[in-house]
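Undergrad: Give me coordinates for this.
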Amino acid sequence: MTRREGEIQEIRLGDCPICGGKGTLKVLQYVHDIPYFGKVMESTIICEKCGYRNADVMMLEDRPPKLYSVRVEEEKDLFTRVVRSKSGTIELDEIGVRIEPGPAAEGFVTNVEGILERVRETLVMAKHFRQGEGDEEAVRKADEILQYIEEVKEGKKPLTVRVMDPLGNSALIGEKVKSRLLTQEEIESLSLGPYVLVEPEEGEERGD
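TA: All right, here's what the predicted structure looks like:
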C-alpha cells in the first residue's frame, strides 16, 4: 500500500501487551515533508481499551549522526522546529537542562517554545514535590529556572538549544540553526533510548 503524504494511516496491531485487550492495539502513521530536511513519519501506538500510548518520529531518508544547535535570542526564535525521535537528546544550556531518552522515551515534533513548556510543566510538578519535603534550596532553584524560561519566552534572555541523535533521526530546523557531524566519542556518550545497536556477527557482511 502506498502511503500518501499528509494522509493518516491506521494499522491494526492486535492485542495490547499492557491490558491484554483483544484486537485493541493500533498504530497511526502520518507522513509529512519538512522543508530543507526531508520526509518524516510520526507514528503513534494506541490501545483503545486502556489508553496506552507510545509515539516515535522517524526520518524516511538516511541522515548521519548530527548535533544541531540554535541560539534563541528573540521571540521569533521560539518557533524553530524541533524533531525529536526516541534516540534524541536535548540540551538547554543556560538553564542546565538535559533531556535524555530512556526506555519509555517518545518521539515528537514541536518547536522550541513547546520544549520550554514541557520543561516548565515538569519543573512545576517537581517544585510542588520538593515543597512538600521542605527542600527550600530545590524550590528556590526551580523558581530561578522558571523565571529564566519566562524571560526567554519574552525575548529578554538568551538560550542555547542543542539536539543530538546518534541514529540521525532528530533535528532542529530554522534559519539560525547550525549543525555538524557528531564525533565518535560523542556518539558513544549518548543514550539510544529504547534502541539497541546490534553488531554484525563475525563473518557477516557489513553494509556500505
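Undergrad: phi, psi of K127?
TA: phi -60, psi -50 (degrees, to the nearest 10).
Undergrad: Okay, helices next: where are they in the protein?
TA: Listed in chain order, the helices found in the chain under DSSP state H are 112-133, 136-153, 184-189.
Undergrad: Turn those into a markdown table, columns for distance to V177.
TA: Yep, even glycine has a C-beta here, placed from its N, CA and C like the rest. Output for the helices of the chain, formatted as a markdown table (distance: least, Cβ to Cβ, whole Å):
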| stretch | distance to V177 |
| --- | --- |
| helix 112-133 | 10 |
| helix 136-153 | 17 |
| helix 184-189 | 18 |
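Undergrad: would you turn those helices into TSV with distance to L78, mean neighbour count and mean pLDDT?
TA: Shown next, in TSV, are the helices of the chain (distance: least, Cβ to Cβ, whole Å; neighbours: other Cβ atoms under 10 Å; pLDDT from 0 to 100):
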stretch	distance to L78	mean neighbour count	mean pLDDT
helix 112-133	4	15	92
helix 136-153	7	15	94
helix 184-189	26	12	92
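Undergrad: I'd like to know which of those helices is closest to V83.
TA: Closest of these to V83 is helix 112-133, at 11.4 Å (criterion: Cβ to Cβ).
Undergrad: Show me the contact partners of that closest one.
TA: 70, 72, 77-80, 82, 90, 92, 95, 97, 99, 110, 138-139, 142-143, 145-146, 149, 152-153, 159, 161 (Cβ atoms under 8 Å, 6 or more residues apart in numbering).
Undergrad: what about the protein, any weak spots by pLDDT?
TA: For the chain, the stretches flagged by pLDDT under 70 are 1-6, 35-37, 194-208.
Undergrad: Try it again at 80.
TA: Along the chain, the parts satisfying pLDDT under 80 run over 1-7, 32-38, 58-62, 102-106, 192-208.
Undergrad: Could you point out which of the helices of the chain sits nearest G51?
TA: In terms of Cβ to Cβ, the element of these nearest to G51 is helix 112-133, at 19.4 Å.
Undergrad: how far is the closest one from where the chain is centred?
TA: The chain centre lies 17 Å from the centre of helix 112-133; the measure is Cα atoms, centre = their mean, to the nearest Å.
Undergrad: Run the angle between that helix and helix 136-153 for me.
TA: Angle between the axes of helix 112-133 and helix 136-153 is 160 degrees (criterion: axes from the mean of the first three to the mean of the last three Cα atoms, to 10 degrees).
Undergrad: when you give positions from now on, start the count at 556
TA: Happy to do that; since the first residue is 556 now, the last one works out to helix 667-688.
Undergrad: And the helices of the chain: which comes nearest M614?
TA: Nearest of the helices of the chain to M614, taken as Cβ to Cβ: helix 739-744 at 16.7 Å.
Undergrad: hmm, who's touching that closest one?
TA: 620, 622, 719, 721.
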